[in-house]
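Visitor: mind looking at a prediction? Sequence and model below.
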Amino acid sequence: MPVETKPQAATVAAARDNREKMLERAMSRYHYSGDALIEVLHTAQELYGFLSPDLLNTIARKLKLPPSRVLGVATFYHFFSLAPKGEHSMTVCLGTACYVAGSLGLMNTLEHRCAKAGTTSPDGKVSVGAARCIGACGIAPAVIYDGRIMGRVTQEQLNKELDRIGVK
Ligand code: FES
């Protein structure tokens with residue numbers, strides 16, 4: 001994985017802000033209606049990789065729903081994850097810009113070495129995810145690695161990082 005240098009750190013920070021903005025935009029698109037809870041939870045999980053308690057509380061507040069209802073929905077559906085399942089999580093963006101820049105190859109590597117998208121490797125090391133555009137098209141192909149957006153990820157960097165964290 002690329003090491004965060006100062007200019008890249010600024011890009012990463014901007015991309016993180018984008019995640020908040022994108023979630024806000026998704027809720028606004030549904031007029032902050034509680035009826036759109038599942039769609040909003042999907043967007044939140046795509047952006048953050050999993051639904052943390054803070055994230056669920058924010059969504060409950062913004063959609064004016066009781067937190068218990070939001071938690072109930074998030075736990076009812078198996079496709080929502082309330083915690084990063086593996087020691088590490090890697091979510092590959094498969095949106096158009098990232099796809100064109102080679103993100104499918106990154107996903108294939110992760111699926112080959114770790115696990116299918118949406119699951120965790122048998123050794124518990126890495127949870128693999130796929131997302132649509134995560135708002136970091138300028139640094140495509142992008143991977144959300146342990147909650148941080150990494151840009152311009154190459155196959156070589158990904159393989160090196162998998163080696164480094166002990167993936168066979
Ligand atoms: S398509 Fe990947 S960040 Fe936009």
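Guide: Okay, I see it. Given the structure is predicted, the values throughout are model-derived calculations rather than measurements.
Visitor: got the phi and psi for the residue nearest to residue 134 when sequence neighbours are not counted?
Guide: Excluding the flanking residues, the one nearest residue 134 by Cβ to Cβ, 6 or more residues apart in numbering is residue 93, at 4.9 Å. To be clear about C-beta, it is placed using only N, CA and C from the backbone, and glycine gets the same treatment. Note on residue 93: its backbone torsions stand at phi -80, psi 130 [degrees, to the nearest 10].
Visitor: can you count the residues close to residue 93?
Guide: 30 (other Cβ atoms under 10 Å).
Visitor: in contact with it, which residues?
Guide: Neighbouring residues of residue 93 by Cβ atoms under 8 Å, 6 or more residues apart in numbering: 103, 130, 131, 132, 133, 134, 136, 140, 141, 142, 143, 144.
Visitor: correct me, but the third one touches residue 141?
Guide: No - checked against Cβ atoms under 8 Å, the pair residue 131 and residue 141 is beyond contact range at 11.6 Å.
Visitor: give me the common contacts of the two.
Guide: Here residue 131 and residue 141 have 92, 93 as joint contacts, going by Cβ under 8 Å, 6+ apart.
Visitor: more neighbours: these two, which one.
Guide: More neighbours surround residue 141 than the other of residue 131 and residue 141, with 28 against 22 (other Cβ under 10 Å).
Visitor: what parts of the protein come near the ligand?
Guide: 93, 95, 96, 97, 98, 133, 134, 135, 136, 137, 140, 142 (Cβ under 6 Å from any ligand atom).
Visitor: double-check that the fourth one belongs to a helix.
Guide: Yes - for residue 97, which was evaluated using DSSP: H, G, I helix; E, B strand; the rest coil, the result is membership in a helix.
Visitor: need the contact list for the nearest residue to it once chain neighbours are set aside.
Guide: Ranked by Cβ to Cβ, 6+ apart and with sequence neighbours excluded, the top spatial neighbour of residue 97 is residue 137, at 3.9 Å. Contacts for residue 137 (Cβ under 8 Å, 6+ apart) come out as 95, 97, 98.
Visitor: same deal with residue 74?
Guide: Going by Cβ under 8 Å, 6+ apart, residue 74 touches 41, 51, 56, 80, 82.
Visitor: tell me the contacts of the residue in the chain positioned nearest to the ligand?
Guide: Taking Cβ to the nearest ligand atom, the ligand has its nearest neighbour within the chain at residue 95, 2.5 Å off. Listed by Cβ under 8 Å, 6+ apart, the contact set of residue 95 reads 103, 131, 132, 133, 134, 137, 140.
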